[in-house]
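Enquirer: Here is a sequence with its predicted model. Questions after.
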Amino acid sequence: MDSNQIDNTCANNESTDKWQNDQDKYWMQQALNLAQKAEAIGEVPVGAILVQDNKIIGQGWNQPITLHDPTAHAEILAIRDAGKRIGNYRLPNTTLYCTLEPCPMCASAIINARIAQVVYGAIDPKGGACGSVFKLLPSDQRFNHYTISKGGVLADSCSLILQQFFQKRRNLEIDSKEKPTLQALLFDVDGTLVDNERDGHRVAFNQAFAEFDLDWYWSVELYGKLLQVTGGQERLQYFVDNWYPLVPEVIDLKSFITKLHNRKTAIYQKLLKQGHISLRPGISRLLEQARTEGLKLVIVTTTSLSNVESLLGLHLGPEAIKWFTVIAAGSQVSAKKPAPDIYQYALDQLKLPASTCMAFEDSAIGLQAARAAGITNVVITTTDYTNGQDFTGAKLVLNSLGDSTKPCRQIAGIIQVPEQIDLAVLHKLHSL
């Protein structure tokens, strides 16, 4: 080989190396974007993607808390995703990009999946399996498959997101030492204490329409749209104003709506007595714990006082109404949620600062109302109607409070929670 050939070969190698480095940085940035998704739900921010033929075939981000799965590391989820997409448990000729050096568990899965190469960003000095602590990658020649590895790609960015995450946690712990203690639990009713909108209130409205010889019918889908307005009479008026149904000739429409709503309320209470509506998982347990500890209990709802009294009496006994220091309900305020008025009324009656309270809601509207009143500790338990709403600002988002037969599923939150929410969890949450 003459000198010109050597020079050309060196130039080609340098060009190839630069292209490879640029490619690695590009794919690592995609993994970093996924790490941000993990951080957004309170998980340690680690992301991973699996690339084959210059295409992403699998992706994942840390979700062990969210999925209640200790194996749900970003790398494992990316491998599972790729296997499902291509229909094979072997993933040859692929490269796994992960923002943090894989642990021994993930390294073993990488080898078993026959992944060709691992590229990682930050080293893990406490549990890395690519040489920092253990040396599973590059894989031992005694394995049936050999996986190569290299680290340091966008290492600064990958390290920074982790450092900032854990610094925020430490700052929260420091701040919590100066925070007031939890003294009151404030509960919304419809959707929160009971999941009663679709098969309770909606059914009662339709039965009332039939009794009044109205050709109105609220389907499950339509009712979901109407729920953006809180308060039964307000919801009826909103329906009349926006769906233009055939309205009977009455002198006073407002009085007619009031009469119609009163009949709907009576029907709803009958449905309650027939046992069609039950408390959501974990509610009864949490109320009992709060009473035992001496926390104040409060109802904060736009439903009628009679509905509240019927619900509590049927499910918790005739004395249950006395458990609650304040019942803010129905027409005690004119502006409904998301206006903060009902919460402000409750706080005034309690004579407690908002910082000592925790609110329980099922919707974005309720969350907005609580936070607008200064209550920053809000727990959301979603329903079929509120799944997917924007719960930015909530401390914890769950599908329920959970019980022994129906454990809760964590959707988002600033702490990891068990399958059943108790006061110990709430005290910890309130302190952060």
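Expert: Thanks, I have it.

Enquirer: what about the residue nearest to V240 when sequence neighbours are not counted, distance to F256?
Expert: Distances taken as C-beta to C-beta, 6 or more residues apart in numbering put V247 closest to V240, at 6.2 Å, once the chain neighbours are dropped. Placement of C-beta: from N, CA and C, glycine included. V247 sits at a distance of 8 Å from F256 (criterion: C-beta to C-beta, to the nearest Å).

Enquirer: quick one, which of these two is more surrounded?
Expert: F256 (17 against 12; other C-beta atoms under 10 Å).

Enquirer: Report the buried residues of the helix or strand that contains that one.
Expert: Secondary-structure assignment from DSSP states H and E places F256 in helix 253-273. The neighbour-count check on helix 253-273 (16 or more other C-beta atoms under 10 Å) flags F256, I257, L260, H261, R263, K264, T265, I267, Y268, Q269, L271, L272 as buried.

Enquirer: for stretch 425-432, same thing?
Expert: Neighbour counts over stretch 425-432 (16+ other C-beta under 10 Å) mark V425, L426, L429, H430, S431 as buried.

Enquirer: For the nearest residue to the third one once chain neighbours are set aside, give me its contacts.
Expert: In space, not counting the residues next to it along the chain, L429 is nearest to K395; the distance is 5.4 Å by C-beta to C-beta, 6+ apart. The contact partners of K395, by C-beta atoms under 8 Å, 6 or more residues apart in numbering, come to T376, N377, V378, V379, G413, I414, L429, L432.

Enquirer: let's see 10 Å
Expert: Contact partners of K395, counting by C-beta atoms under 10 Å, 6 or more residues apart in numbering, are 42, 358-359, 376-380, 412-415, 426, 429-430, 432.

Enquirer: Among those, list the two that are farthest apart in space.
Expert: Greatest spatial distance among the contacts of K395 (C-beta to C-beta): G42 and A359, at 19.1 Å.

Enquirer: Give the residue from those two that has the larger number of neighbours.
Expert: When G42 and A359 are compared for neighbours, A359 comes out ahead with 29 against 22, by other C-beta under 10 Å.

Enquirer: I'd like the distance between that one and V229.
Expert: Distance, A359 to V229, using C-beta to C-beta: 20 Å.

Enquirer: returning to what we had before: as JSON lines, the buried residues of helix 253-273 with pLDDT and distance to Q332 would be great.
Expert: Below are the buried residues of helix 253-273 laid out as JSON lines (pLDDT from 0 to 100; distance: C-beta to C-beta, whole Å):
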{"residue": "F256", "pLDDT": "93", "distance to Q332": "23"}
{"residue": "I257", "pLDDT": "93", "distance to Q332": "19"}
{"residue": "L260", "pLDDT": "94", "distance to Q332": "22"}
{"residue": "H261", "pLDDT": "92", "distance to Q332": "16"}
{"residue": "R263", "pLDDT": "95", "distance to Q332": "22"}
{"residue": "K264", "pLDDT": "91", "distance to Q332": "20"}
{"residue": "T265", "pLDDT": "89", "distance to Q332": "16"}
{"residue": "I267", "pLDDT": "91", "distance to Q332": "23"}
{"residue": "Y268", "pLDDT": "85", "distance to Q332": "19"}
{"residue": "Q269", "pLDDT": "84", "distance to Q332": "19"}
{"residue": "L271", "pLDDT": "84", "distance to Q332": "24"}
{"residue": "L272", "pLDDT": "78", "distance to Q332": "21"}
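
Enquirer: Make JSON lines out of those residues and add distance to A38.
Expert: Output for the buried residues of helix 253-273, formatted as JSON lines (distance: C-beta to C-beta, whole Å):
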{"residue": "F256", "distance to A38": "53"}
{"residue": "I257", "distance to A38": "48"}
{"residue": "L260", "distance to A38": "49"}
{"residue": "H261", "distance to A38": "46"}
{"residue": "R263", "distance to A38": "51"}
{"residue": "K264", "distance to A38": "45"}
{"residue": "T265", "distance to A38": "46"}
{"residue": "I267", "distance to A38": "47"}
{"residue": "Y268", "distance to A38": "43"}
{"residue": "Q269", "distance to A38": "46"}
{"residue": "L271", "distance to A38": "43"}
{"residue": "L272", "distance to A38": "42"}
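
Enquirer: residue boundaries of the helices in the chain?
Expert: Ranges of helices within the chain are 3-40, 74-86, 104-112, 155-176, 202-211, 220-226, 232-243, 253-273, 283-293, 305-316, 341-350, 364-372, 423-431, based on DSSP state H.

Enquirer: Quick check: buried residues in the shortest one?
Expert: The reference is to helix 220-226. So for helix 220-226, counting by 16+ other C-beta under 10 Å, buried means Y223, G224, L226.

Enquirer: cool, and the second one?
Expert: Across helix 74-86, burial judged by 16+ other C-beta under 10 Å covers A74, E75, I76, L77, A78, I79, R80, D81, A82, G83.

Enquirer: mind checking how far the fourth one is from C130?
Expert: Right, L77. Distance of L77 to C130, computed by C-beta to C-beta: 19 Å.

Enquirer: that older thread, which one among the buried residues of stretch 425-432 gets closest to E293?
Expert: Closest to E293, out of all of the buried residues of stretch 425-432 and judged by C-beta to C-beta, is L426, at 10.1 Å.

Enquirer: Please list the residues outside stretch 153-168 that contact it.
Expert: By C-beta under 10 Å, 6+ apart, the residues outside stretch 153-168 that reach it are 21, 23-29, 31-32, 35-36, 38-39, 42-47, 97-101, 119-124, 151-152, 414.

Enquirer: how long is stretch 315-325 from one end to the other?
Expert: Length of stretch 315-325, first residue to last, C-alpha to C-alpha, to the nearest Å: 18 Å.

Enquirer: which residues touch that stretch?
Expert: Residues outside stretch 315-325 that contact it (C-beta under 10 Å, 6+ apart): 184-187, 193-194, 272, 275, 277-279, 283-284, 287-288, 290-291, 295-299, 305, 308-309, 311-314, 327, 346, 349-352.

Enquirer: Next, the contact list for K336, please.
Expert: By C-beta under 10 Å, 6+ apart, the contact list for K336 reads V229, T230, G231, Q233, E234, R235, T302, I342, I365, A369.
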